[in-house]
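Asks: after the sequence you'll find the predicted model.
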Amino acid sequence: MSALWAIPLAFVAGAVPFSNIAARRRAGVDLRAVGSGTVSGTSLYRVAGFGPLAVAGVLDVAKGSVGPLLAGDGPAVRAVCAGAAVAGHNWSPFLRGAGGRGLAPGIGALFATAWPGGVVLLGGMVVGRAVRATGLGSFVAQVALAPVLGVTHGGGGALAGACVAVPMLVKRVLGNRAPPRRGVGVYAHRLLFDNDGEVVAE
């Protein structure tokens with residue numbers, strides 16, 4: 001499939017808000033109105049439990065792979081499709097620009113593009129959760145994506161890592177809501193720890 005179709009289809013597939021759909025169906029809750037307003041598996045688990053989380057999680061990972069798989073063998077187009085899927089998830093037009101942090105679709109996109117990147121993201125989440133610093137663990141993994149994939153998959157891998165990491169890092173800083181106070185320190189805290197200090201935003 002040509003980039004003319006693969007990239008927008010990757011974005012649309014990534015934009016489907018499975019976590020919010022599950023939260024509405026199982027708990028009658030819009031995740032944008034809960035806690036930090038993040039439309040994520042963590043927020044879904046808090047309102048609906050493990051079952052809906054498991055189903056939505058699998059679908060969120062799978063939707064990230066749609067664009068790269070449609071793109072064929074061109075490494076540059078596959079990389080851009082991977083980033084488009086994450087961007088669609090993070091700024092979903094179905095949620096008026098709200099969304100999640102892109103970890104699940106990022107994992108799916110990278111498993112379809114440069115599989116070690118999916119392992120890096122998963123490892124960052126697991127290690128971060130083990131030391132009770134999920135946001136920091138995810139940050140380290142996202143920063144490591146392009147260098148690691150550059151080693152394992154060359155220039156195309158580095159591009160895929162960058163295309164996936166950039167929308168995730170930007171979303172950490174911007175969030176779905178403005179911070180309670182402004183300043184470099186506040187945005188730096190968001191970037192490193194993915195929260196405002198008072199409200200966790202995984």
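Replies: Cool, the structure landed.
Asks: which positions in stretch 69-88 come out as buried?
Replies: Going by neighbour count (16 or more other C-beta atoms under 10 Å), the buried part of stretch 69-88 is 69-71, 75, 77-88. Glycine gets a C-beta too; all of them are placed from N, C-alpha and C.
Asks: please apply the same query to stretch 187-196.
Replies: Applying 16+ other C-beta under 10 Å to stretch 187-196 flags 187, 189, 190, 191, 193, 194, 195, 196 as buried.
Asks: what is the nearest of the residues you listed to residue 118?
Replies: Distance ranking of the buried residues of stretch 187-196 against residue 118, using C-beta to C-beta, places residue 194 first at 19.4 Å.
Asks: so what's the closest residue to residue 16 other than its chain neighbours up against?
Replies: Residue nearest to residue 16 in three dimensions, not counting chain neighbours: residue 63, with 5.9 Å by C-beta to C-beta, 6 or more residues apart in numbering. Contacts for residue 63 were tallied using C-beta atoms under 8 Å, 6 or more residues apart in numbering; they are 13, 14, 16, 18, 85, 89, 105, 108.
Asks: the same query, at a cut-off of 10 Å, please.
Replies: Residue 63 makes contacts with 10, 12-16, 18, 85, 88-89, 104-105, 108-109, as judged by C-beta atoms under 10 Å, 6 or more residues apart in numbering.
Asks: okay, those in CSV with pLDDT next?
Replies: Output for those, formatted as CSV (pLDDT from 0 to 100):
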residue, pLDDT
10, 98
12, 98
13, 98
14, 98
15, 98
16, 98
18, 98
85, 98
88, 98
89, 98
104, 97
105, 98
108, 98
109, 98
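Asks: just the buried ones from those, in ChimeraX syntax?
Replies: Applied in ChimeraX, the following selects the buried portion of the contacts of residue 63 according to 16+ other C-beta under 10 Å:
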select :10,12,13,14,15,16,18,85,88,89,104,105,108,109
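Asks: for the contacts of residue 63, which one is nearest residue 178?
Replies: Taking these together and measuring to residue 178 by C-beta to C-beta, the closest member is residue 89, at 20.6 Å.
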